[in-house]
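Visitor: no FASTA, just this:
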């Protein structure tokens, strides 16, 4: 993959006094359950390999206990690995000295936590300023930069309020503003929106996407919610028992689930909101006169075709025809297969 920002290679984390000795057990086929039952060690991560592209939103998801939060805490070495490599811009994070690691955390990565992690005795302004103060930024610049992000996340007028005076959604906006104020290239978000009510959560997702369109950060976002993952992620990694089960674009995850575990994740999603025109197009062109952008989701593309009173359209990218799509292709794309491997495919 070109332009890789973070590269995770052969990463293992085994909790217990003899973790390094247990790596070979896992490589020989020991499961998470057997490692705990036989050796009283807990498998956190198992041979994780992920290349995370720059300036994209990389989602890492899985059920509770899958290893997703453990993984993200390895990236800034809040947790030390048992074995493996973590490279950021080609530099080995695990080889950094204590001083280098402090500078790395101050300047390269910022983190937004699930439980907000705000300082309760400090105002919104002071919380947002906190990372800049640690970096030694002058007071005037620190206030200016903090005010910019307070305004940007919609908290103007709340600068002198304390966290206890804010709603959960507002507190999370403070956490996001604090992370953005440091101008770090990489933003780590560990289930940052999962504690929020659904409507507030949706609002925060849209704020994040708007900011990303402007800032083009490398964002590593942890969630257990597939709808959230599909909505915001450019790429998705799905973990189970500390191992990578599947990774790919939202389109690839939905169209080609790796196994029954992934199928269970995607079975109830609205495919029309995830799949875009390019995912169901075929070679060729049509004389219908309708042109659809390749990244237009089917939920919007199908009404456009009905309104134009046509059954086919050309698929466009950068003003060029890259294929064609029919209404039947779209309907086939959103139909949900009810089969498992080896069974005849049926649709509902």
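Guide: In hand now; what should we look at? The structure presented is a predicted model; accordingly, all values stated were derived computationally and were not measured. Residues are numbered from 1 along each chain as shown.
Visitor: for beta bridges, what are the partners of the residue positioned nearest the centre of the chain?
Guide: Taking CA atoms, centre = their mean as the criterion, residue 59 is the residue nearest the geometric centre of the chain, at 2.0 Å. Bridge pairing for residue 59 (DSSP bridges) gives the partners residue 221, residue 236.
Visitor: ok so residue 322 is a strand residue?
Guide: Yes - with DSSP: H, G, I helix; E, B strand; the rest coil as the criterion, residue 322 is part of a strand.
Visitor: so how many other residues sit close to it?
Guide: Per other CB atoms under 10 Å, the neighbour tally for residue 322 reads 15. Just so you know, the C-beta spots here come from the backbone N, C-alpha and C atoms, and that holds for glycine as well.
Visitor: what separation do you get for it and residue 298?
Guide: Distance, residue 322 to residue 298, by CB to CB, to the nearest Å: 17 Å.
Visitor: what's the answer for residue 29, then?
Guide: Between residue 29 and residue 298 the distance, using CB to CB, works out to 42 Å.
Visitor: then residue 285?
Guide: In terms of CB to CB, residue 285 sits 20 Å off from residue 298.
Visitor: the more surrounded of those two?
Guide: A direct count of neighbours by other CB under 10 Å for residue 285 and residue 298 places residue 298 higher, at 25 against 13.
Visitor: pLDDT weak spots in this protein?
Guide: Across the chain, the ranges flagged by pLDDT under 70 are 1-2, 115, 337-348.
Visitor: and for it, the residue most distant from the center?
Guide: Centroid-distance maximum for the chain: residue 287 at 39.5 Å, with CA atoms, centre = their mean.
Visitor: and that residue, its phi and psi?
Guide: phi -100, psi 20 (degrees, to the nearest 10).
Visitor: please apply the same query to the one 5 residues further on.
Guide: Residue 292 has phi and psi values of phi -120, psi 130 when expressed as degrees, to the nearest 10.
Visitor: list the contacts of it.
Guide: 277, 301, 304, 305, 313, 314, 315, 316, 325 (CB atoms under 8 Å, 6 or more residues apart in numbering).
Visitor: likewise for residue 56?
Guide: For residue 56, the contact set (CB under 8 Å, 6+ apart) comprises 218, 219, 234, 235.
Visitor: and residue 22, which of the three is it?
Guide: helix.
Visitor: again with residue 11
Guide: Applying three-state DSSP: residue 11 is strand.
Visitor: that one and residue 214: what is the separation?
Guide: When distance is defined by CB to CB, residue 11 is 32 Å away from residue 214.
Visitor: now residue 304
Guide: In terms of CB to CB, residue 304 sits 28 Å off from residue 214.
Visitor: and for residue 217, nearest residue in space, chain neighbours not counted?
Guide: residue 187 (5.0 Å; CB to CB, 6 or more residues apart in numbering).
Visitor: not counting its neighbours along the chain, what's nearest residue 333?
Guide: Residue 333's closest residue in space is residue 280 (CB to CB, 6+ apart), at 3.9 Å.
Visitor: just the strands in the stretch 1-150 of the chain please.
Guide: Secondary structure of the stretch 1-150 of the chain by DSSP state E, counting those that start in this stretch: the strands cover 4-15, 42-53, 57-61, 83-88, 91-92, 109-112.
Visitor: got it, and the stretch 151-300 of the chain?
Guide: Going by DSSP E, counting those that start in this stretch, the stretch 151-300 of the chain shows strands at 186-190, 218-223, 235-240, 243-248, 291-293.
Visitor: is it correct that residue 22 is in contact with residue 38?
Guide: No - applying CB atoms under 8 Å, one finds residue 22 not in contact with residue 38, separated by 10.0 Å.
Visitor: what sits in contact with each of those two?
Guide: Contact with both residue 22 and residue 38 is made by residues residue 30, according to CB under 8 Å, 6+ apart.
Visitor: more neighbours, the two?
Guide: residue 22 (22 against 10).
Visitor: so how far is residue 94 from the more buried one?
Guide: For residue 22, the distance to residue 94 - CB to CB - is 19 Å.
Visitor: ok, residue 246 next?
Guide: Counting by CB to CB - residue 246 and residue 94 are separated by 26 Å.
Visitor: higher neighbour count, the two?
Guide: Shown here are residue 246 and residue 94; by other CB under 10 Å, residue 246 has more neighbours (18 against 15).
Visitor: now that one. Nearest residue, chain neighbours left out?
Guide: residue 258 (3.9 Å).
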